[in-house]
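>>> Give me the fold of what follows.
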Amino acid sequence: MTAGSPTSPPPDGHPKDHDEIESYLAGLVGSELAAPVTAADPVNQPMIRHLVLALGDRNPVYTDVRAAADSVYGGIIAPPTALQTWTMPPPAGPAGEAPRTGRDELMLVLDAAGFTGIVVATMEQTYQRPLHLGDLLTSTLRLAAVSPLKQTALGEGYFLTEALDYVDQRGERMGEIRRTVLKYRPRTGARG
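Residues are numbered from 1 along each chain as shown. I've put the predicted structure just below:
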């Protein structure tokens, strides 16, 4: 695993049985799954304009300087639901792959154990304060929780809860996105 991952897979790279997999997963809970990512650009009006067009959100506090100044925010803010977009990495281009993260390695280990399916089960977002022009965000990804092996309609698998924490340039907490994914073995689902 990468830095910040306290538990490494066995020497051949893959846990072999249920106990090894659960021990491996338990050892990762609370650890960072990737290096912190700082946005390439501060919160800015052109990006906000693109976001509101994509989201179809016409709230004037995002684009109308006068309306925003007269609001409780005192100025232009970014749509809260766009929190994640500021630190998202660009898609890997033809020149090469993005560097592998601890999350990538975790998924590869589970793939090798037969847990090749993945689906988002839940996503919750919490916002501490609005994003203002000039805010520069940094996000950190950590593994918040892992369920025991569960039998689901899709297949047996593990629910992995990941937390993306966001801070501004002063280290002030801006928000959190918690998503739970089911990493499962296809064709092992409960029959009804």
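
>>> Please count neighbours and contacts with C-alpha atoms only from this point.
Fine.

>>> and the residue positioned nearest the centre of the chain, what are its bridge partners?
For the chain, the residue nearest the mean C-alpha position is L164 (4.8 Å; Cα atoms, centre = their mean). Beta-bridge partners recorded for L164 (DSSP bridges): L141, I177.

>>> residue contacts, it?
139-142, 176-178 (Cα atoms under 8 Å, 6 or more residues apart in numbering).

>>> Give me the PyMOL select line for the residues you listed, limited to the buried ones.
For the buried members of these, the matching PyMOL selection, counting by 16 or more other Cα atoms under 10 Å, is:
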select buried, resi 139+140+141+142+176+177+178
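
>>> For the contacts of L164, give me CSV that also has distance to L55.
Listed next are these as CSV, based on distance: Cα to Cα, whole Å:
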residue, distance to L55
S139, 22
T140, 25
L141, 25
R142, 27
E176, 20
I177, 18
R178, 21
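
>>> would you list the contacts of L164 in JSON lines and tack on pLDDT and distance to T38?
Formatted as JSON lines, the contacts of L164 follow (pLDDT from 0 to 100; distance: Cα to Cα, whole Å):
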{"residue": "S139", "pLDDT": "96", "distance to T38": "6"}
{"residue": "T140", "pLDDT": "96", "distance to T38": "9"}
{"residue": "L141", "pLDDT": "96", "distance to T38": "12"}
{"residue": "R142", "pLDDT": "97", "distance to T38": "15"}
{"residue": "E176", "pLDDT": "97", "distance to T38": "15"}
{"residue": "I177", "pLDDT": "96", "distance to T38": "16"}
{"residue": "R178", "pLDDT": "97", "distance to T38": "19"}
